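[1] how would this look folded up:
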Amino acid sequence: VETFREAMQGTSAELSMDERKMLIRQAILQANEVVFDMASRNDQYHNMGTTVVAALLQPDNGVIGHIGDSRAYKWRDGVLTQLTVDHTLVNELVKSGQISVEEAARHPRRNVLTRALGTDADVEVDVKGLSWLPGDLLLLCSDGLTNMVTEQEIAETILQEELDLEGKADKLVELALLAGGDDNITVVLLHHAEDTEQEE
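    Predicted coordinates:
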């Protein structure tokens, strides 16, 4: 996280979409180098790896970078859309038609990653652009949330008008814990306020 943050510091708002895609890719690759180097030099960290999902946002668009099964979702006009594709064995089985989405949710090997940060010297980073408009909400989360909370429950939580943004994030973590959450649960919610100068 520190390596990624340092690589992103001082980012200019004037960068083009392609430049921002390259920047977020390079920052994730630098983090990969640090984790891989630490794992290769310390026996207790052998084969250590992690997942990452990150966003770099401008007033009207953004860039998502990710490796693994942490996810990004966008909420717009009452519709929740998954922006990332899980790098998992089970997702590969779904894409090839060997198992259904329902079977994937209960598959005993659903946590086996096909791509992770830090396990190899070279790794492919998925990077994509997105439109980002006033009223949109972006959810970045680990599989500790999505393995325990359905997309319908996420949508219902976002719709709870009595909760502010922090309250909605807290509620999602609470739902994952109540469902038996036994993994790290990370939730980041970003709201594009009507005033583009201010994001909550």
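
[2] If we go by neighbour counts, what in the helix ranked longest in the chain is buried?
    Secondary structure of the chain read by DSSP state H shows that its longest helix is helix 17-41. Using 16 or more other C-beta atoms under 10 Å as the test for burial, helix 17-41 gives 20-21, 23-25, 27-29, 31-32, 35-36, 39. All C-beta atoms are positioned from the backbone trio N, CA, C, and that covers glycine.

[3] okay, and for this structure, where does confidence drop off?
    195-200 (pLDDT under 70).

[4] chain center to the longest helix of the chain, what's the gap?
    Here the centre of helix 17-41 is set off from its chain's centre by 15 Å, with C-alpha atoms, centre = their mean, to the nearest Å.

[5] Which residues does the next helix or strand after that helix contact?
    Going down the chain from helix 17-41, the next helix or strand is strand 52-57, by DSSP states H and E. Here strand 52-57 makes contact (C-beta atoms under 8 Å, 6 or more residues apart in numbering) with 4, 8, 11, 20, 23-24, 27-28, 31, 62-68, 70-72, 84, 117, 132, 138, 140-141, 190, 192, 199.

[6] quick one on the thing from earlier: how far off strand 52-57 does the longest helix of the chain point, in degrees?
    If you take axes from the mean of the first three to the mean of the last three C-alpha atoms, to 10 degrees, helix 17-41 sits at 150 degrees to strand 52-57.

[7] From the contact counts, what lies against helix 17-41?
    With contacts taken as 3 or more C-beta pairs under 8 Å, 6 or more residues apart in numbering; DSSP states H and E, helix 17-41 sits against helix 2-8, strand 52-57, strand 61-67, strand 126-131.

[8] mind listing what the second one pairs with, with the direction of each?
    It stands for strand 52-57. When pairing is defined by DSSP bridges, strand 52-57 lines up against strand 61-67 (antiparallel).

[9] what angle sits between the partner strand and strand 126-131?
    160 degrees.

[10] how far away is the closest residue to residue 138 other than its chain neighbours from residue 120?
    The spatially closest residue to residue 138, leaving aside those adjacent along the chain, is residue 190, at 4.3 Å (C-beta to C-beta, 6 or more residues apart in numbering). Residue 190 sits 30 Å away from residue 120, going by C-beta to C-beta, to the nearest Å.

[11] quick one: the residue of the chain most remote from its centre and residue 181, what's the gap?
    Residue farthest from the centre of the chain, counting by C-alpha atoms, centre = their mean, is residue 43 at 28.6 Å. Noted for residue 43: a distance of 30 Å to residue 181, by C-beta to C-beta.

[12] and if you look at residue 85?
    In terms of C-beta to C-beta, residue 85 sits 23 Å off from residue 181.

[13] what does residue 35 give?
    24 Å.
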